[in-house]
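Visitor: mind folding the following:
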Amino acid sequence: MISAFWPITPTAANEMARSYPALSYWVGAALIVLVVVLGWRSGRKRTDGSPGRSFSVLYGADGRPSTSKLTAFAWIAAVVAASGMLLTAVVLGTVTLAQTNLDQLPPEYLVLMGAPLGSLILAKGITEAKVAGGTLQKPEPGVAAGLGSGGFTSDDSGQADLVDIQYLSFNAVLLLYFAGAVIADARVPELPDILVGLSGVSAAAYVAKKALATNPPSIVGVTVDGATLRIRGQNLLKPQDPKDYRDRVTVDGAEVHNVDLWSDDGTMINVTMTQPLMKDSNVTVTTAAGATVTSNTSA
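Guide: Numbers count the residues shown, from 1 in each chain. You can find the predicted model right below:
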């Protein structure tokens with residue numbers, strides 16, 4: 001059963017040396033190194049000349065690791081290396097172009113290559129639209145308390161993300177199958193429908209997660225207790241630096257600088273008022289992500 005599923009059989013393993021000249025392996029390895037170096041060098045210098053981040057191609061516009069970009073990058077490296085190996089073997093006369101399947105790729109590769117890139121484009125468009133529409137807050141790492149840079153398999157708060165883990169895992173299995181088949185048979189393989197299907201499902205789940213993600217700020221209550229103004233709400237993202245509190249709360253357009261408490265979970269803000277508060281005053285909070293929400297003290 002395993003031999004039917006995995007492309008490297010004992011017979012194929014014994015024929016690898018005859019299928020590929022040594023130069024093909026060197027070309028494949030060199031191309032992988034080239035793609036990795038190009039990825040590492042991307043963004044090393046910003047437009048203003050200051051040093052940037054290594055592998056910035058794998059990060060989103062918000063400065064966080066992008067699962068879809070990592071998947072697309074891995075497939076680009078794999079396909080470039082495999083094409084180089086096969087074309088080298090063709091040039092050296094070990095195999096013909098028709099035998100490599102490079103002249104007529106199996107149709108499932110349209111799905112295979114389109115899924116990571118399509119997920120990347122869709123996820124980016126959905127996230128940007130939600131941020132612009134005010135239904136999603138995505139501050140840069142280190143700006144909001146409790147929200148860091150995340151990771152390829154974790155969300156912005158550092159918690160493991162099962163959808164991201166599934167997306168990367170299914171693509172990793174498919175990549176291993178692809179690499180094993182290319183090495184074993186000296187041709188672009190026909191991929192098992194079940195692996196292609198799992199990869200497509202995981203990509204759809206990844207995009208759906210982006211579409212369902214929301215964390216708009218809201219104020220559910222504003223009360224006055226003596227000289228203290230208490231603001232209760234949801235997703236009132238707290239600035240990482242307390243120095244940034246002072247310009248985040250306004251009452252009737254006037255900035256309030258005495259913010260005594262801002263809860264880490266973004267549900268409570270306490271402000272000490274220096275002047276009596278009017279009954280129908282408008283209280284506005286600007287979160288660490290730059291989103292604003294307003295409520296009235298009479299609400």
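Visitor: quickly note the distance from the residue nearest the centre of the chain to Ala77.
Guide: Nearest to the mean C-alpha position of the chain, by C-alpha atoms, centre = their mean, lies Ser66 at 2.2 Å. Shown here: Ser66 relative to Ala77, a distance of 16 Å by C-beta to C-beta, to the nearest Å. Backbone N, C-alpha and C define where each C-beta goes, glycine included.
Visitor: rewinding a little: so what's the residue nearest to the centre of the chain up against?
Guide: Leu58, Tyr59, Gly60, Leu120, Phe152 (C-beta atoms under 8 Å, 6 or more residues apart in numbering).
Visitor: let's see 6 Å
Guide: When contacts are counted by C-beta atoms under 6 Å, 6 or more residues apart in numbering, Ser66 touches Gly60.
Visitor: any idea how far it is from Pro239?
Guide: From Ser66 over to Pro239 the distance is 25 Å, taken as C-beta to C-beta.
Visitor: assign Gly221 to helix, strand or coil.
Guide: Three-state call for Gly221 (DSSP: H, G, I helix; E, B strand; the rest coil): strand.
Visitor: okay, now it: neighbour count?
Guide: Residues near Gly221, counting by other C-beta atoms under 10 Å, number 11.
Visitor: quick one, what contacts it?
Guide: Gly221 makes contact with Arg232 under the criterion C-beta under 6 Å, 6+ apart.
Visitor: quick one: it and Met278, what's the gap?
Guide: According to C-beta to C-beta, Gly221 stands 17 Å off from Met278.
Visitor: swap in Lys69?
Guide: 50 Å.
Visitor: ok, now Arg64?
Guide: Taken as C-beta to C-beta, the span from Arg64 to Met278 is 41 Å.
Visitor: cool, and Val131?
Guide: 33 Å.
Visitor: more neighbours: which of the two?
Guide: Higher neighbour count among Val131 and Met278: Val131, with 18 against 11, using other C-beta under 10 Å.
Visitor: setting aside sequence neighbours, what's the nearest residue to that one?
Guide: Lys138 (5.5 Å; C-beta to C-beta, 6 or more residues apart in numbering).
Visitor: ok, now Asn101?
Guide: What sits nearest to Asn101 in space, not counting adjacent residues and going by C-beta to C-beta, 6+ apart, is Val188, at 4.0 Å.
Visitor: ok, how many other residues are close to the one you found?
Guide: Look at Val188: counted by other C-beta under 10 Å, it has 21 neighbours.
Visitor: pretty sure it is in a strand, no?
Guide: No - per three-state DSSP, Val188 lies outside any strand segment and is coil.
Visitor: just the pLDDT at it, thanks.
Guide: For Val188, the model assigns a pLDDT of 86.
Visitor: for Leu147, same thing?
Guide: pLDDT, Leu147: 65.
Visitor: what's the answer for Gly142, then?
Guide: As summarised for this prediction, Gly142 has a pLDDT of 68.
Visitor: care to break the chain down by domain?
Guide: Using automatic domain parsing, the domain parsing of the chain gives 2-212, 218-296.
Visitor: ok, of those domains, where does mean pLDDT dip lowest?
Guide: Looking at the domains of the chain, the lowest mean pLDDT belongs to domain 2-212 (a mean of 79).
Visitor: what's the spacing between that domain and its chain's center?
Guide: Centroid separation for domain 2-212 versus its chain: 13 Å, with C-alpha atoms, centre = their mean, to the nearest Å.
Visitor: likewise for stretch 217-232?
Guide: With C-alpha atoms, centre = their mean, you get 36 Å for stretch 217-232.
Visitor: that one: end-to-end distance?
Guide: 11 Å (C-alpha to C-alpha, to the nearest Å).
Visitor: could you do stretch 270-285 as well?
Guide: 12 Å.
Visitor: list the contacts of that stretch.
Guide: Contacts of stretch 270-285 (C-beta under 6 Å, 6+ apart): 222, 224, 227-230, 236, 249-252, 256, 258-261, 292-298.
Visitor: identify each buried residue in that stretch, please.
Guide: Across stretch 270-285, burial judged by 16 or more other C-beta atoms under 10 Å covers Val271, Leu277, Ser281, Asn282, Val283, Thr284, Val285.
Visitor: just the helices in the stretch 51-200 of the chain please.
Guide: 67-91, 97-100, 108-133, 162-185, 193-212 (DSSP state H, counting those that start in this stretch).
Visitor: most tightly packed of the ones you listed?
Guide: Neighbour counts (mean count of other C-beta atoms under 10 Å) averaged over each of the helices of the stretch 51-200 of the chain peak at helix 67-91, with a mean of 21.
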